[in-house]
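**Q** I'd like to go over a predicted model; first the sequence, then the structure.
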Amino acid sequence: MIYSNMTPEQHALQHPSKWKTWTGGIAFTFFIAFIGYVLAKVPGFDQIGQMACAIIIAVAYRHFFGYPEMIRSGIAFSSKHLLRTAIILYGLKLNINTVLSDGLGLLARDVGVIIFAIFMTIWLAKVFKADKNISLLLGVGTGVCGAAAIAAVAPIIKAKDEDTAIGVGIIALMGTVFAIGYTILRPILPLDSIEYGMWAGISLHEVAHVALAGAPAGEDGLAIALLAKLGRVFLLVPLCFIFIAIMKRKHADETGAKIEFPWFLVGFIILSILGSYVFGQSIPVSDYAMEGVFTLTTWLLTAAMVGLGLNVSLRDVKDRAMRPLAAMTVTSILLSVIAYFII
């Protein structure tokens, strides 16, 4: 029998409980969110807002200090579950009467965006002689919903874990750059809040990036942006089945993948209905209470984007993904331009 000379206190320090690492990770994302909030008060940074400042700090932290492995589970929780909770709550901001006439049109545009992004990225990958698997993953991520789409499609096309990680890192990096660029362009573009929200929703990469870029457009603009983006998220499910069918035909064997249904889309729609037809009408709700919910939603989104930023590794991007990155960048630029003219 081997006895340890460590005291219980020393053992606890070296082996913290799962609960502590989980709460520590969440607290860390909110701490950086708070720094972003403070930075956004500084002249110049106030033009891009709290969320953009926070995600810039997160990316810089990851680059200079590394990923805080000990609190990984809490950071992952923020980037995934806090994001989905925030999106559900944002449903309260959507006035369904405003978007009923545009719903089908948005979905049709979403289909076109996905087809264009995937095929354009694949074609450019051939031109640039880029890695095929990474490029395909980037095309799917660009067209659908970023990292979530890459994670869903990767096992179907039998992509290596390394390829998947690189794809997720590039999407997080470039999506952040594009989202911040959108916020900078917002004041000079001849678009009203609804048009700008549609543009962001049908052309940006992650749901979090759409939320970041859509925030300057106000409540209606952000709601439209999220509706357009969530339509692309919804289309991930049929897209995965299409890839499964292609892989089965290509390899003549069984290729399966567990596809997670975007239940937060259902929550978003339910709260949209409640916010449009119940709260404030059948059930009176004070403006103070609604403002409190909206403030909470903003902080949840900011913490979620911090988690996203902490997953961006600039070193991984430069090592083996420059050509796929180039293909994906050209596709993203073309997508933004085309989306601008079809809204």
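**A** Great, that's in hand. Numbering: from 1, shown residues only.
**Q** From the chain's centroid, how far away is the strand or helix carrying Ile269?
**A** Applying DSSP states H and E as the criterion places Ile269 in helix 263-277. Distance of helix 263-277 from the chain centroid (C-alpha atoms, centre = their mean, to the nearest Å) equals 19 Å.
**Q** Show me which residues of that helix are buried.
**A** 264-265, 267-269, 271-272, 274-276 (16 or more other C-beta atoms under 10 Å). For every residue, glycine as well, the C-beta is placed using N, CA and C.
**Q** Low-confidence regions, the stretch 151-300 of the chain specifically.
**A** 251-262, 265, 280-282 (pLDDT under 70).
**Q** ranges for the helices of it?
**A** 161-185, 193-203, 207-214, 218-234, 236-251, 263-277, 287-309 (DSSP state H, counting those that start in this stretch).
**Q** quick check, distance from stretch 38-51 to the centre of its chain.
**A** The answer for stretch 38-51 is 21 Å, by C-alpha atoms, centre = their mean.
**Q** okay, how far is it across that stretch, tip to tip?
**A** 11 Å (C-alpha to C-alpha, to the nearest Å).
**Q** ok, and what's touching that stretch?
**A** 33, 36-37, 52-54, 57, 180, 183-184, 211-212, 215-216, 298, 301-302, 305 (C-beta atoms under 8 Å, 6 or more residues apart in numbering).
**Q** Mind jotting down where the helices sit in the stretch 1-150 of the chain?
**A** 8-14, 18-39, 49-65, 72-77, 83-90, 96-99, 103-128, 132-143, 147-153.
**Q** roughly how far is the third one from the heart of the chain?
**A** Spelled out, it's helix 49-65. With C-alpha atoms, centre = their mean, you get 15 Å for helix 49-65.
**Q** per-residue pLDDT, Met322?
**A** If you check Met322, the pLDDT there is 89.
**Q** other SSEs contacting whichever strand or helix holds Leu335?
**A** Per DSSP H and E, Leu335 falls inside helix 322-342. For helix 322-342, the helices and strands in contact under the criterion 3 or more C-beta pairs under 8 Å, 6 or more residues apart in numbering; DSSP states H and E are helix 103-128, helix 132-143, helix 161-185, helix 193-203.
**Q** I'd like to check the angle between that helix and helix 132-143, please.
**A** 30 degrees (axes from the mean of the first three to the mean of the last three C-alpha atoms, to 10 degrees).
**Q** what comes up buried for helix 322-342?
**A** 323-329, 331-332, 335-336, 338-340.
**Q** Restrict that helix to CA atoms and write it as CSV.
**A** C-alpha atoms of helix 322-342 as CSV (Å, rounded to 0.1, in the frame of the first residue of the first chain):
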residue,chain,number,x,y,z
MET,A,322,-3.3,28.8,-44.7
ARG,A,323,-4.7,27.6,-48.0
PRO,A,324,-8.0,26.4,-46.7
LEU,A,325,-8.2,29.7,-44.7
ALA,A,326,-7.6,31.6,-48.0
ALA,A,327,-10.4,29.6,-49.7
MET,A,328,-12.8,30.2,-46.9
THR,A,329,-11.9,33.9,-46.6
VAL,A,330,-12.6,34.5,-50.3
THR,A,331,-15.9,32.6,-50.0
SER,A,332,-16.9,34.6,-46.9
ILE,A,333,-16.2,37.9,-48.7
LEU,A,334,-18.1,36.9,-51.8
LEU,A,335,-21.0,35.7,-49.6
SER,A,336,-21.1,39.0,-47.7
VAL,A,337,-21.2,40.9,-51.0
ILE,A,338,-23.9,38.7,-52.6
ALA,A,339,-26.0,38.7,-49.4
TYR,A,340,-25.8,42.5,-49.3
PHE,A,341,-27.4,42.7,-52.8
ILE,A,342,-30.1,40.0,-52.2
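**Q** Now do that helix: everything it contacts.
**A** Residues contacting helix 322-342 (C-beta under 8 Å, 6+ apart): 109, 112-113, 116-117, 120-121, 124-125, 127-131, 134-135, 138-139, 142, 166-167, 170-171, 174, 178, 199, 202-203, 205, 317.
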